[in-house]
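Student: Requesting a structural model of the entry that follows:
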Amino acid sequence: MSVLLLNTWVEKNLFFLTAGFLFCLILLFIHALIIRKKLKKYQIIFKGYENKDLETILINMAEKVELFQKNVANFETRLKDNEQKSEIHFQKWHLLRFKAFENSGGDQSFALALLDGSGDGVVLSSIFGREESRVYCKTVREGKSTYALSGEEQEAIIKALGKNSEERHQH
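Tutor: Numbers count the residues shown, from 1 in each chain. Next up is the predicted model:
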């Protein structure tokens, strides 16, 4: 009688038993996917450490992290040094060509301002004439010179100081 009762109960609840079984299979499949993803991550992390114990792997990784931190600190120091050094190199410049005399041809004369990050540097001028050419070099401190500047020299300095990096690269 108990076998008959069990068979009857199974027949009545077959749908629920099948649904429960399918639900368990779906959960098993989802967990298999999750484990597979984690396994791939672990394989990437521990690549090259086959047949080594976890302690050795962690010590090796800690040593690498320490080395990377030292390298980053070294690069930061070098970057700061280079930034400081770059301030004293010519960063801003402007070339202004002009006609110095009405009776001589072309824009052969020029004023060239060469300035560092602080606006210090020189302005070079060349005055081209029919019979002779003259070249002048005047020092510039913070965008100003102790020498008398021509209008073209002043304009070259002002334009060099006002330029951004995109404009400088277009020349």
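Student: Every contact and neighbour count from this point should use C-alpha atoms.
Tutor: OK.
Student: Where do the helices of this protein begin and end?
Tutor: 2-12, 14-45, 54-86, 151-162, 165-170 (DSSP state H).
Student: export those to a markdown table and tack on mean pLDDT and mean neighbour count?
Tutor: As requested, those are exported to a markdown table (pLDDT from 0 to 100; neighbours: other C-alpha atoms under 10 Å):
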| stretch | mean pLDDT | mean neighbour count |
| --- | --- | --- |
| helix 2-12 | 83 | 10 |
| helix 14-45 | 93 | 12 |
| helix 54-86 | 92 | 12 |
| helix 151-162 | 94 | 20 |
| helix 165-170 | 43 | 10 |
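Student: Just put those helices in JSON lines and tack on distance to residue 96.
Tutor: JSON lines is the format used below for the helices of the chain (distance: least, C-alpha to C-alpha, whole Å):
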{"stretch": "helix 2-12", "distance to residue 96": "99"}
{"stretch": "helix 14-45", "distance to residue 96": "59"}
{"stretch": "helix 54-86", "distance to residue 96": "24"}
{"stretch": "helix 151-162", "distance to residue 96": "6"}
{"stretch": "helix 165-170", "distance to residue 96": "13"}
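Student: quick one: which of those helices is nearest residue 115?
Tutor: helix 151-162 (7.4 Å; C-alpha to C-alpha).
Student: And that closest one, what does it pack against?
Tutor: Contact here means 3 or more C-alpha pairs under 8 Å, 6 or more residues apart in numbering; DSSP states H and E; on that basis helix 151-162 packs against strand 92-98, strand 109-115, strand 121-128.
Student: and the angle from that helix to strand 109-115?
Tutor: Angle, helix 151-162 to strand 109-115, by axes from the mean of the first three to the mean of the last three C-alpha atoms, to 10 degrees: 30 degrees.
Student: distance between helix 151-162 and the chain's centre?
Tutor: 31 Å (C-alpha atoms, centre = their mean, to the nearest Å).
Student: Please list the residues outside that helix that contact it.
Tutor: Helix 151-162 has contacts (C-alpha atoms under 8 Å, 6 or more residues apart in numbering) with 92-96, 98, 110-115, 119, 123-125, 143.
Student: Quick check: which of the helices and strands packed on helix 151-162 is nearest to residue 66?
Tutor: It is, among those and with distance given as C-alpha to C-alpha, strand 92-98, at 40.3 Å.
Student: Show the average pLDDT along the closest one.
Tutor: Per-residue pLDDT over strand 92-98 has a mean of 94.
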